[in-house]
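Asker: Could you work out the structure for the sequence below:
(chains A, B, C and D)
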Protein chains: 2
Amino acid sequence: MKNNKEITIYDIAKELNVSPSTVSRALKDHHSIGKKTKKAVLKLAQERGYQPNTIAASLRSNKTTTIGVIISWINRPFISSMISGVETAANKAGYNVIISQSHDSYENEVANAQALFASRIQGLVVSLAMETTNYDHFNQFVKKNIPLVFVDRVTEELNADKVVIDNFSAGFKATEHLIQEGCTRIAHIGGAQQRNVYRERREGYLAALKQYNIEINDDYIVENPVLSSEEGLKESEYLMNLPNRPDGVFCANDTAAVSVIQYARKVGIKVPQELAVIGFNNDPVTTIIDPPLSTVTHPAIEMGKIAAMQVLGQKEHKEIVRSQTIVLETELLIRESSSRRKYHTTSGD
Amino acid sequence: MKNNKEITIYDIAKELNVSPSTVSRALKDHHSIGKKTKKAVLKLAQERGYQPNTIAASLRSNKTTTIGVIISWINRPFISSMISGVETAANKAGYNVIISQSHDSYENEVANAQALFASRIQGLVVSLAMETTNYDHFNQFVKKNIPLVFVDRVTEELNADKVVIDNFSAGFKATEHLIQEGCTRIAHIGGAQQRNVYRERREGYLAALKQYNIEINDDYIVENPVLSSEEGLKESEYLMNLPNRPDGVFCANDTAAVSVIQYARKVGIKVPQELAVIGFNNDPVTTIIDPPLSTVTHPAIEMGKIAAMQVLGQKEHKEIVRSQTIVLETELLIRESSSRRKYHTTSGD
DNA sequence: TTCAATCACGCAATCGATTGTGTAAAATAT
DNA sequence: ATATTTTACACAATCGATTGCGTGATTGAA
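Answerer: A predicted model of the protein is given here:
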């Protein structure tokens, strides 16, 4: 078996006594190739199991069929679902997806961007690392007109497309809901404020309090750069031991919200009667925890799909439409953890 | 700004009045290049921001720095963690990772394998689709000596490396645990039996029953090809309405096990007193559900890392050591859902 | 001083597909 | 029958990096 050698258009050309250019054109159904020649080429290519060498084509055309994705951690529900959307859409368009994790570190993010740039990706989907405050490593893509789309964790400092949700409005609605459930001392566990998502959610929270004439108490507002389970427990302990402890908490993610419920259970605070809790993301755990956690849905898969389509769609244009921001709808999911007036399991109001 | 043109070794060569081959060799620290020349080349390359064109190098060397991954769904805890491990290890070795989802469909898996093969990946990590029973689409990799490693869901029908856990033993231990907790009517919710993981877990279950002289009741054994929440509820309903309903259930994944607990709660069956439940995977939900779910841990991230290292490690060898199977340890995590004798939250026995 | 190593580098082919340009032959028009 | 298109293909350059082979110059040895 001479499986070592891949079959090329030269092999086919030689066997058919035509030139490689004819084979190349025949394979792409070029008009200037005769019908019999085309058929013969197609047939032989089929028989020999010809596989076009995409590397060679890429070298010649200076194009690849690959897009890159940079995210914090792939093994998080929102992220992996988002990537699933990217992969599905890209795959449908015949593109490969290279993923790389920043592990929420700025340094890694820079290194990943370099590596992907060197790999000549045709587009890049990014959800920023928690740490990142400098965005220079993305400029090379902008300069070379490589489509760059930010998802969820975005920045205004770059002239790039964005696919986001309305975090302000979602934060507002979540907080408003707690108010309508009768909460008067509403706390907020937020994330790193340099990240738009956490900043905007907090702003929505503040705006809701203001609108309903509820005094803002800085003691009730914590900023946690990790928002893990463990950190969530720590913040819960802090909040629950305040002199005048909160009767409602809006958490910037579900992980922290689950921790609040677990802490409350441990110290005997009743949820939602004594403490209403609402999270963010609609992670799978929200329906498992007892009581089920109210939250805000993120259309993760769809965000990924749209981001991929943005990246691929604008590829053709010479004049790129920059700074397009696509805002997707969120939904307030009211479950038992925040239903102080009545006890539904399904969405109310 | 003439950012359109990438800078190449030819540009550097011309500017320094040397040949491109000298530049190429200087950049790789070849011994036959003089020190001053090397320094000059490195310096200019640095200044001009030279980025080696990996596409051209790939064409010449017939090698890429890319490995592929085919999995069912990326947005599942075990899978995304496994990929995280693959990505981390591959990245450290300077490799890119292309992922593609089969969505558990055979057709997609075949298409993905083709696409990755055409992309000239240097290695492939696969966790088989639920449906797959024919493995011909992987033969092309074997024939071309492209490292192929199966993870978790493997097959014996191919001469390839495998990274697995001892599913039989894990199934045995899980069932034995239920027996030791006093269960006498132990049911099993299993997955598609053509997949080794589900087959072996069931065999472990059967072996444990046999060893402890417990009669095997076929009514207690169900095979579900999906093992989703919904399907888990259906199977729970079936099992709990049997004339002599089980007092213990070993589920082949945590998703189904959680459904069992939820169903039991709904119909007022006490877990673990009336029904002990144990799952598999140690998904995040296992610590959220009430009562916490006993389960078997999967070292997901490590499996991914090892798979990646297998793929990359054997790259150098000319004579490939085939059929190496690496078996990783699992751990029985005993939580409240199966602790009928005593109530611990931590591991017992 | 002369011959042989060693050093430092250039030449040119190669990887496979693509594409602008050129050119016979066949088809159509005048 | 001659001029003009059209058809159908070949030639050769190109994309950028790599590498076997060759060669002039320098160094060391005898």
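
Asker: In space, what's closest to residue A:277 - neighbours in sequence excluded?
Answerer: Closest residue to residue A:277 apart from its sequence neighbours, by C-beta to C-beta, 6 or more residues apart in numbering or on different chains: residue A:337 at 4.5 Å. Every residue, glycine included, has its C-beta placed from N, CA and C.

Asker: That neighbour: neighbour count?
Answerer: Residue A:337 has 27 neighbouring residues, counting by other C-beta atoms under 10 Å in any protein chain shown.

Asker: which parts of the stretch 201-349 of chain A sit against chain B?
Answerer: Within the stretch 201-349 of chain A, the positions near chain B by C-beta under 8 Å from any C-beta of the partner chain are A:258, A:284, A:285, A:288, A:289, A:290, A:300, A:301.

Asker: Please report how far residue A:332 lies from residue B:85.
Answerer: To residue B:85, residue A:332 is 36 Å away according to C-beta to C-beta, to the nearest Å.

Asker: which residues of the stretch 1-150 of chain A fall in strands?
Answerer: Here the stretch 1-150 of chain A has its strands, by DSSP state E, counting those that start in this stretch, at A:66-71, A:96-101, A:124-126, A:148-151.

Asker: Need these in a markdown table (columns: mean neighbour count and mean pLDDT).
Answerer: Shown next, in a markdown table, are the strands of the stretch 1-150 of chain A (neighbours: other C-beta atoms under 10 Å in any protein chain shown; pLDDT from 0 to 100):
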| stretch | mean neighbour count | mean pLDDT |
| --- | --- | --- |
| strand A:66-71 | 27 | 98 |
| strand A:96-101 | 25 | 98 |
| strand A:124-126 | 28 | 98 |
| strand A:148-151 | 27 | 97 |
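
Asker: Pipe those strands into TSV and attach distance to DNA strand D per row.
Answerer: Below are the strands of the stretch 1-150 of chain A laid out as TSV (distance: least, C-beta to the nearest atom of the strand, whole Å):
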stretch	distance to DNA strand D
strand A:66-71	17
strand A:96-101	20
strand A:124-126	20
strand A:148-151	21
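
Asker: Could you point out which of these sits nearest residue B:105?
Answerer: For the strands of the stretch 1-150 of chain A, proximity to residue B:105 was assessed by C-beta to C-beta; strand A:96-101 is nearest, at 18.0 Å.

Asker: close to chain B, is that closest one?
Answerer: Yes - Strand A:96-101 reaches chain B (C-beta under 8 Å from any C-beta) through A:96, A:97, A:98, A:99, A:100, A:101.

Asker: do stretch A:107-122 as well
Answerer: Yes - against chain B, stretch A:107-122 shows contacts by C-beta under 8 Å from any C-beta at A:112, A:115, A:116, A:117, A:118, A:119, A:120.

Asker: What about residue A:141, how many residues nearby?
Answerer: Quick note: residue A:141 (other C-beta under 10 Å) scores 21 neighbours.

Asker: I'd assumed residue A:148 was in contact with it.
Answerer: Yes - Residue A:141 is in contact with residue A:148 according to C-beta atoms under 8 Å; the separation is 4.7 Å.

Asker: that older thread, just put the residues of stretch A:107-122 next to chain B in TSV and tack on distance to DNA strand C and pLDDT.
Answerer: Formatted as TSV, the residues of stretch A:107-122 next to chain B follow (distance: C-beta to the nearest atom of the strand, whole Å; pLDDT from 0 to 100):
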residue	distance to DNA strand C	pLDDT
A:112	28	97
A:115	22	95
A:116	22	97
A:117	21	95
A:118	18	93
A:119	17	94
A:120	14	95
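
Asker: May I ask which of those has the most neighbours?
Answerer: Counting neighbours by other C-beta under 10 Å, the top entry in these is residue A:112, with 27 neighbours.

Asker: returning to what we had before: among the residues of the stretch 201-349 of chain A next to chain B, which pair sits farthest apart?
Answerer: The span of these, defined through C-beta to C-beta, is set by A:290 and A:301 at 27.0 Å.

Asker: excluding its backbone neighbours, what's nearest residue A:245?
Answerer: Spatial nearest neighbour of residue A:245, excluding adjacent residues (C-beta to C-beta, 6+ apart): residue A:239 at 6.6 Å.

Asker: Quick one: the helices in the stretch 101-250 of chain A, in order.
Answerer: Here the stretch 101-250 of chain A has its helices, by DSSP state H, counting those that start in this stretch, at A:106-118, A:139-143, A:167-180, A:196-211, A:229-240.

Asker: Tell me the buried residues in stretch A:234-247?
Answerer: A:234, A:235, A:236, A:239, A:240, A:246, A:247 (16 or more other C-beta atoms under 10 Å in any protein chain shown).

Asker: ok so, going back, got any residues that touch both of residue A:141 and residue A:148?
Answerer: Common contacts of residue A:141 and residue A:148 (C-beta atoms under 8 Å, 6 or more residues apart in numbering or on different chains): residue A:124.

Asker: So which residues on the stretch 51-200 of chain A come close to DNA strand C?
Answerer: Taking C-beta under 7 Å from any atom of the strand as the contact definition, the stretch 51-200 of chain A meets DNA strand C at A:52, A:53, A:56, A:57, A:59, A:60, A:61.

Asker: Farthest-apart pair in the buried residues of stretch A:234-247, please.
Answerer: A:234 and A:247 (20.2 Å).

Asker: Where does pLDDT dip in chain A?
Answerer: For chain A, applying pLDDT under 70 flags the ranges A:1-4, A:314-323, A:342-349.

Asker: Which one of the residues in it is closest to DNA strand D?
Answerer: Closest approach of chain A to DNA strand D (C-beta to the nearest atom of the strand) occurs at residue A:34, with a separation of 2.7 Å.

Asker: Run the chain-centre distance for stretch A:163-174.
Answerer: 15 Å (C-alpha atoms, centre = their mean, to the nearest Å).

Asker: picking that back up, reformat the buried residues of stretch A:234-247 as a markdown table; add distance to residue B:182.
Answerer: Shown next, in a markdown table, are the buried residues of stretch A:234-247 (distance: C-beta to C-beta, whole Å):
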| residue | distance to residue B:182 |
| --- | --- |
| A:234 | 39 |
| A:235 | 41 |
| A:236 | 37 |
| A:239 | 42 |
| A:240 | 38 |
| A:246 | 44 |
| A:247 | 43 |
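
Asker: Many thanks, we can stop here.
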